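Q: Can you look at this prediction? I've put the sequence above it.
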Amino acid sequence: MSAVTSPIEGTRQYIRDRLRSEKVKSKTAIVRQLLPEIEAATDAGFTYVQIAGWLEEALGFAISAKHLSVIVSQLHRQKKGRRGKPKAKLDMFERLRVDAAGEAGERFKHDPVADPKKLM
């Protein structure tokens, strides 16, 4: 059994070492890593032009302010999407019960059409 786990553990360690040593090449990945700091800077009143300049000075990659703002917007949309869609307030069985109550005339406390129906 140890022969099977040994190559797997070796592969895992190799991947961990590569992740620690390799630099991220994608601008989106770099912005994703720095998103909390970028959000803090924009909340403090700094512009994307200033932040893009800082990124070029510090990390040496050029990114336009427009591209930076687009990436930040995309990351915010992705973050919103991960929260999931809001669940319906009524589950399926509850909806069926409500529909059955509505068919029985119990949906509304006061139904102006119900009074003439009682007279008939």
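A: On my side now, so go ahead. Numbering: from 1, shown residues only.

Q: what about Ala52, is that helix, strand or coil?
A: On the three-state scheme (DSSP: H, G, I helix; E, B strand; the rest coil), Ala52 is labelled helix.

Q: which stretches of the chain have low pLDDT?
A: Scanning the chain for pLDDT under 70 picks out 1-5, 24, 82-120.

Q: one more time with 80, if that's ok
A: When residues are selected by pLDDT under 80, those of the chain lie in 1-10, 18-25, 61, 81-120.

Q: Could I get the full set of helices for it?
A: Defined through DSSP state H, the helices belonging to the chain, from first to last, are 2-21, 27-43, 48-59, 65-82, 92-103, 114-119.

Q: Now do the third one: which elements does it pack against?
A: Contact here means 3 or more C-beta pairs under 8 Å, 6 or more residues apart in numbering; DSSP states H and E; on that basis helix 48-59 packs against helix 27-43, helix 65-82. Every C-beta, even on glycine, is put in place using the N, C-alpha and C of the backbone.

Q: let's go with 6 Å and repeat that
A: Helix 48-59 sits against helix 65-82, with contacts defined as 3 or more C-beta pairs under 6 Å, 6 or more residues apart in numbering; DSSP states H and E.

Q: tell me the angle the helix it packs on makes with helix 27-43.
A: 90 degrees (axes from the mean of the first three to the mean of the last three C-alpha atoms, to 10 degrees).
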